[in-house]
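# A predicted structure for the sequence below; I have some questions about it.
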Amino acid sequence: MAEPHPETHPDVLSEIATKGDFPAAARVIQRLNDSVRRDDCKTIVVARTILQDPGLSSKVLRLVNSVLYRHGGEPVATISRAVILLGFDAIRDLTGGILLMDQLLPRGKGEWMRGACARSFRCGLVAQAVSARVGYSNPEEAYLLGLFANLGTLWLAAYYPERFAAVRAATEDERRVAAIERAFGVRPADLAARILEHWGFPPHYAAYFRRSPAPDGPVDDQAGKLAATVSLAVDYTGGDVPVEAVLARFEKLFGLPPEQFTAAACVAEQAFREQAPVLGFPLPKPARSERAVDMAGRAGRDMPDGTRSTADVPSTLAVVGEITGAILANENINDILSMVLEGLARTAHYDSVLLALLDPSRDRVVGRLGFGEGVEEFLRTMVVPLDPGAGVLADAILARQPRVVPKGSPGDLVPRGVSTGMLRVASFIVVPLVVRRKAVGALLAARAGSPPVGDADLVVVQLFSNQASLALDRAAG
């Protein structure tokens with residue numbers, strides 16, 4: 001079939017802003033970028049941004065709990081812990097990659113688009129796994145560039161499906177790139193660079209796509225390792241290049257035995273199989289993945305152990321164990337308290353959780369940390385006098401007794417007439433935080449709808465309150 005030679009083509013680059021303006025996802029990426037750039041960036045701020053989208057939270061945890069990220073074999077149960085372990089930059093970049101792919105996948109047509117997105121995701125996983133074997137210093141960057149290696153093509157397939165369908169007749173990669181440039185007036189690599197710039201990814205991601213092709217000879221510098229690793233991942237996952245040729249090129253580029261690549265590919269394949277169902281991707285063709293597994297088997301101890309990922313919603317036991325470990329390790333108190341609040345919100349399905357502490361004079365209650373709609377705004381202005389009748393927060397602290405309110409409102413928490421902003425509360429529990437026999441603050445867990453809280457909920461809230469009190473006690477020395 002002849003390749004198309006249209007006389008005119010759409011102005012793809014100028015249309016990125018209109019076709020790629022996804023308010024919700026773009027907002028998350030922008031907030032993450034803004035937070036990470038701040039000198040006083042905090043774990044809870046990054047975690048809160050991701051937790052605003054439960055589906056995104058689930059996917060981030062799936063990725064962090066894959067064989068590529070496991071830390072000491074212990075699963076990660078909270079986004080807060082994932083941020084602590086991977087760092088602000090890595091979490092920002094991985095989250096951005098998930099969001100961007102989530103926007104493209106539903107806009108494509110049929111199995112080809114699903115398969116192409118799956119290939120991109122596998123490419124990222126392979127690039128990440130291989131980069132660790134060859135000594136590249138930033139595996140997350142290799143993952144993102146592998147994920148985005150086919151971004152320009154995916155964008156065209158999603159937003160210009162009819163014109164792109166004609167281009168697909170050019171089945172070989174080199175011919176397809178040339179056909180795309182003729183049909184759309186832009187190289188896929190240049191398009192990918194502009195998309196990443198529009199979405200606010202760090203500049204070095206866009207710069208990568210504007211550099212020269214991957215090296216063909218031995219590499220020993222970091223830039224060369226990155227380019228070679230991503231190129232190998234593209235060849236391996238594309239299906240057009242024989243596995244044997246990929247292995248030979250790996251050995252030539254890095255001077256390492258091919259078993260190193262096959263072992264990494266096997267780890268990446270397992271990670272993909274763990275995550276494909278939740279991401280909506282089809283599994284790779286058995287013949288190719290089985291070939292990789294057969295070769296990886298010759299690497300012996302490099303085979304993965306087969307441990308499964310954690311569930312989307314962590315168990316209370318898993319979260320409490322994670323928090324206890326952080327407390328015993330004397331980790332940052334704000335990070336631990338962030339884990340407490342997130343764990344309580346997600347394991348017991350609360351819409352809002354917050355932690356308030358007494359100020360140094362011990363006569364007022366001030367907001368400290370929280371998750372949920374309207375919570376951040378409420379905490380910024382929250383100042384409650386520690387007086388009888390000044391609201392349920394003050395009453396619980398003064399009495400050193402929990403309060404269970406099956407039917408209530410935000411106004412019940414504070415003195416009459418004090419603004420609660422957009423805080424959404426229909427039922428709630430307040431548990432005082434007691435450290436060395438003194439009440440130092442309170443933990444609030446609230447629901448905005450059904451089911452209302454009851455006495456049965458108090459056990460779980462008290463459990464997390466005890467964790468917060470223990471963390472505060474150790475932090476006080």
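Received the coordinates, thanks.
# OK, contacts around residue 233?
123-124, 126-127, 130, 142, 146, 149 (CB atoms under 8 Å, 6 or more residues apart in numbering). Placement of C-beta: from N, CA and C, glycine included.
# reformat those as CSV; add distance to residue 49.
Formatted as CSV, the contacts of residue 233 follow (distance: CB to CB, whole Å):
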residue, distance to residue 49
123, 27
124, 22
126, 29
127, 26
130, 30
142, 24
146, 24
149, 27
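# quick one: which of those sit in helices?
123-124, 126-127, 130, 142, 146 (DSSP state H).
# which one of these is nearest residue 465?
Comparing these against residue 465 with CB to CB places residue 124 closest, at 40.2 Å.
# my guess is that closest one meets residue 140, correct?
No: counting by CB atoms under 8 Å, residue 124 sits too far from residue 140 to count as a contact (9.7 Å).
# hang on, the earlier thing: from the contacts of residue 233, which two are the most distant?
130 and 149 (13.2 Å).
# so what are the domain limits for the protein?
Segmentation of the chain into domains, based on automatic domain parsing, reads 16-41+87-302, 316-475.
# buried stuff in stretch 429-449?
429-435, 439-448 (16 or more other CB atoms under 10 Å).
# quick check: end-to-end length of stretch 416-423?
15 Å (CA to CA, to the nearest Å).
# contacts for that stretch next, please.
Residues outside stretch 416-423 that contact it (CB under 8 Å, 6+ apart) are 352, 372-375, 377-378, 381, 384, 391, 410-411, 413-414.
# still on that earlier bit, which of residue 130 and residue 149 has more residues huddled nearby?
residue 130 (29 against 26; other CB atoms under 10 Å).
# and the pLDDT for the closest residue to that one other than its chain neighbours?
Leaving aside its sequence neighbours, residue 130 sits nearest to residue 264 (CB to CB, 6 or more residues apart in numbering; 4.6 Å). Residue 264 carries a pLDDT score of 88 in this model.
# would you agree residue 264 falls within a helix?
Yes: the assignment for residue 264 by DSSP: H, G, I helix; E, B strand; the rest coil puts it in a helix.
# pLDDT weak spots in the stretch 101-250 of the chain?
107-110, 169-174 (pLDDT under 70).
# all helices of it, in order?
Under the criterion DSSP state H, counting those that start in this stretch, the stretch 101-250 of the chain contains helices at 110-134, 139-147, 151-159, 161-167, 173-184, 188-198, 203-209, 222-238, 243-254.
# how many other residues sit next to the residue nearest to residue 130?
Around residue 264 there are 30 residues (other CB under 10 Å).
# OK, contacts around it?
126, 129-130, 132-133.
# this structure: strands as residue ranges?
Counting by DSSP state E, the segments of the chain that form strands are 352-358, 364-371, 383-385, 403-405, 427-435, 438-447.
# mind putting those in JSON lines, mean pLDDT included?
Converted to JSON lines, the strands of the chain look like this (pLDDT from 0 to 100):
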{"stretch": "strand 352-358", "mean pLDDT": "95"}
{"stretch": "strand 364-371", "mean pLDDT": "93"}
{"stretch": "strand 383-385", "mean pLDDT": "93"}
{"stretch": "strand 403-405", "mean pLDDT": "96"}
{"stretch": "strand 427-435", "mean pLDDT": "96"}
{"stretch": "strand 438-447", "mean pLDDT": "95"}
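# average pLDDT across stretch 329-344?
92.
# buried residues of that stretch, list them for me.
331, 333-344.
# same check on stretch 120-137?
The neighbour-count criterion (16+ other CB under 10 Å) identifies 120-131, 133-134, 136 as the buried residues of stretch 120-137.
# now do it: distance to the chain's middle.
Relative to its chain's centre, stretch 120-137 lies at 17 Å (CA atoms, centre = their mean, to the nearest Å).
# using PDB, write down the CA coordinates of it.
C-alpha atoms of stretch 120-137 as PDB (Å, rounded to 0.1, in the frame of the first residue of the first chain):
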ATOM      1  CA  SER A 120       5.500   2.100  25.700                       C
ATOM      2  CA  PHE A 121       5.000   1.000  29.300                       C
ATOM      3  CA  ARG A 122       7.000  -2.100  28.800                       C
ATOM      4  CA  CYS A 123       9.700  -0.100  27.200                       C
ATOM      5  CA  GLY A 124       9.900   2.200  30.200                       C
ATOM      6  CA  LEU A 125      10.200  -0.800  32.600                       C
ATOM      7  CA  VAL A 126      12.900  -2.500  30.500                       C
ATOM      8  CA  ALA A 127      14.900   0.800  30.200                       C
ATOM      9  CA  GLN A 128      14.700   1.200  34.000                       C
ATOM     10  CA  ALA A 129      15.800  -2.300  34.800                       C
ATOM     11  CA  VAL A 130      18.600  -2.300  32.200                       C
ATOM     12  CA  SER A 131      19.800   1.100  33.400                       C
ATOM     13  CA  ALA A 132      20.500  -0.200  36.800                       C
ATOM     14  CA  ARG A 133      22.600  -3.000  35.300                       C
ATOM     15  CA  VAL A 134      24.800  -0.700  33.300                       C
ATOM     16  CA  GLY A 135      25.400   1.800  36.100                       C
ATOM     17  CA  TYR A 136      23.200   4.700  35.000                       C
ATOM     18  CA  SER A 137      22.600   6.900  38.000                       C
END
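# report the distance from stretch 263-280 to the chain centre.
16 Å.
# also stretch 231-243?
That offset, for stretch 231-243, works out to 26 Å (CA atoms, centre = their mean).
# got the buried residues for it?
For stretch 231-243, the buried set under the neighbour-count rule, 16+ other CB under 10 Å, comprises 231-237, 243.
# what residues are up against residue 186?
Residue 186 sits next to 12-13, 152, 180 when contact means CB under 8 Å, 6+ apart.
# in CSV, list those residues along with neighbour count and distance to residue 400.
Formatted as CSV, these follow (neighbours: other CB atoms under 10 Å; distance: CB to CB, whole Å):
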residue, neighbour count, distance to residue 400
12, 21, 65
13, 16, 63
152, 24, 61
180, 26, 69
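# re earlier: highest mean neighbour count out of the helices of the stretch 101-250 of the chain?
Among the helices of the stretch 101-250 of the chain, ranked by average contacts under mean count of other CB atoms under 10 Å, first place goes to helix 139-147 (a mean of 25).
# got the angle between that one and helix 151-159?
Put simply, helix 139-147 runs at 50 degrees to helix 151-159, going by axes from the mean of the first three to the mean of the last three CA atoms, to 10 degrees.
# residues in contact with helix 139-147: which ones?
68, 86, 89-90, 93-94, 96-97, 101, 120-121, 123-132, 136, 201, 204-205, 208, 226, 229-230, 233-234.
# shaky segments in the stretch 251-400 of the chain?
Checking the stretch 251-400 of the chain against pLDDT under 70 turns up 278-280, 282-314.
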